[in-house]
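> just to be clear, the model below is a prediction. Sequence and coordinates:
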Amino acid sequence: MVCPNDMQARQQLETLYQRSPTISFHQQFWGFLQQIGEAVVYELTRDRREPTISKFYDIEGQALWCVFDPRSRSRIVLSSEHDVLAWLEEHHAR
């Protein structure tokens with residue numbers, strides 16, 4: 001194992017250390033628990049008749065939106081936010 005002993009390597013390591021997060025494990029864990037709680041509350045209180053929209057990325061890194069319509073039990077994949085808005089206006093403005 002080679003230990004950095006020159007000044008440049010030491011400065012790089014100190015810079016990396018200074019950039020490390022200052023949030024403690026306790027704070028990170030508490031934030032994680034809050035996110036779980038928010039997700040549970042959302043699932044228990046959301047209107048199940050409203051469409052669900054999920055954003056994901058294809059293998060080439062392009063953003064895609066998957067819209068699930070619980071009324072018709074159908075799923076559609078769209079390639080832009082504009083298309084999602086147009087679909088919502090057409091299908092759920094009723």
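On my side now, so go ahead. Numbers count the residues shown, from 1 in each chain.
> what is the mean pLDDT for the host helix or strand of residue 14?
Under the criterion of DSSP states H and E, residue 14 resides in helix 7-19. Computed over helix 7-19, the mean pLDDT rounds to 78.
> show me what the one helix or strand in the chain whose mean pLDDT sits lowest packs onto, helices and strands only.
Among the helical and strand segments of the chain, the one scoring lowest on mean pLDDT, DSSP states H and E is helix 7-19, with a mean of 78. On a contact count with 3 or more Cβ pairs under 8 Å, 6 or more residues apart in numbering; DSSP states H and E, helix 7-19 meets no helix or strand. C-beta: built from backbone N, CA, C; applies to glycine.
> could you list the buried residues of it?
Residues of helix 7-19 include none that count as buried (16 or more other Cβ atoms under 10 Å).
> CA atoms of it as PDB?
Output in PDB follows, covering the C-alpha atoms of helix 7-19 (Å, rounded to 0.1, in the frame of the first residue of the first chain):
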ATOM      1  CA  MET A   7       2.000  18.000  -0.100                       C
ATOM      2  CA  GLN A   8      -0.300  17.900  -3.100                       C
ATOM      3  CA  ALA A   9      -1.800  14.500  -2.200                       C
ATOM      4  CA  ARG A  10      -2.400  15.700   1.400                       C
ATOM      5  CA  GLN A  11      -4.100  18.800   0.200                       C
ATOM      6  CA  GLN A  12      -6.400  16.700  -2.000                       C
ATOM      7  CA  LEU A  13      -7.300  14.500   0.800                       C
ATOM      8  CA  GLU A  14      -8.000  17.400   3.100                       C
ATOM      9  CA  THR A  15     -10.200  19.000   0.500                       C
ATOM     10  CA  LEU A  16     -12.200  15.800   0.100                       C
ATOM     11  CA  TYR A  17     -12.600  15.600   3.900                       C
ATOM     12  CA  GLN A  18     -13.800  19.100   4.100                       C
ATOM     13  CA  ARG A  19     -16.400  18.400   1.400                       C
END
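> ok, and what's touching the helix or strand just after it?
Using DSSP H and E, the next helix or strand after helix 7-19 towards the C-terminus is helix 25-45. Applying Cβ atoms under 8 Å, 6 or more residues apart in numbering, the contact partners of helix 25-45 are residue 23.
> kindly report the same for stretch 83-94.
With contacts defined as Cβ under 8 Å, 6+ apart, stretch 83-94 is touched by 50, 51, 53, 65, 67, 69, 76, 78.
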